[in-house]
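Engineer: can't give you the sequence, but here's the structure:
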């Protein structure tokens, strides 16, 4: 796998915040991130830690799983959100 998570910028994760209470403060009330514009993040450079997959891995998951396994879990969720 890649050394960095590759996002195809579909925006599906940002359109399904209601699926996790961790993202409640970003929810615009409809389950969509209040910072989503089209398919892109309007605050990308200053987005919260929870939205930064690579940083989350380093801080929270590095000691419990490999980066490849962490990426696979995230890619699997992407596929589910896309209905693949």
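Structural biologist: Structure's in. What do you need? Quick caveat, the model's predicted, so the values are computed rather than measured. Numbering: from 1, shown residues only.

Engineer: ok, and for stretch 33-41, which residues are buried?
Structural biologist: Within stretch 33-41, the residues that qualify as buried are 33, 35, 36, 41, counting by 16 or more other Cβ atoms under 10 Å. (C-beta placed from N, C-alpha, C; glycine too.)

Engineer: Was I right to think residue 39 contacts residue 11?
Structural biologist: Yes - at 3.6 Å, residue 39 and residue 11 qualify as touching, with contact defined as Cβ atoms under 8 Å.

Engineer: Show me the buried residues of stretch 33-41 that map onto helices.
Structural biologist: Secondary structure from DSSP state H places none of the buried residues of stretch 33-41 in helices.

Engineer: In strands, which of these fall?
Structural biologist: Counting by DSSP state E, the part of the buried residues of stretch 33-41 found in strands is 36, 41.

Engineer: Using TSV, lay out the buried residues of stretch 33-41 together with pLDDT and distance to residue 81.
Structural biologist: Below are the buried residues of stretch 33-41 laid out as TSV (pLDDT from 0 to 100; distance: Cβ to Cβ, whole Å):
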residue	pLDDT	distance to residue 81
33	97	13
35	98	18
36	97	14
41	96	16
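
Engineer: of all the buried residues of stretch 33-41, which comes closest to residue 58?
Structural biologist: Using Cβ to Cβ, residue 41 is the member of the buried residues of stretch 33-41 that lies nearest residue 58, at 19.9 Å.

Engineer: what sits against the residue lying farthest from the centre of the chain?
Structural biologist: The centre of the chain is farthest from one residue, residue 63, which by Cα atoms, centre = their mean lies 19.9 Å away. Contacts for residue 63 (Cβ atoms under 8 Å, 6 or more residues apart in numbering) come out as none.

Engineer: Give me the pLDDT for it.
Structural biologist: Listed pLDDT for residue 63 reads 97.
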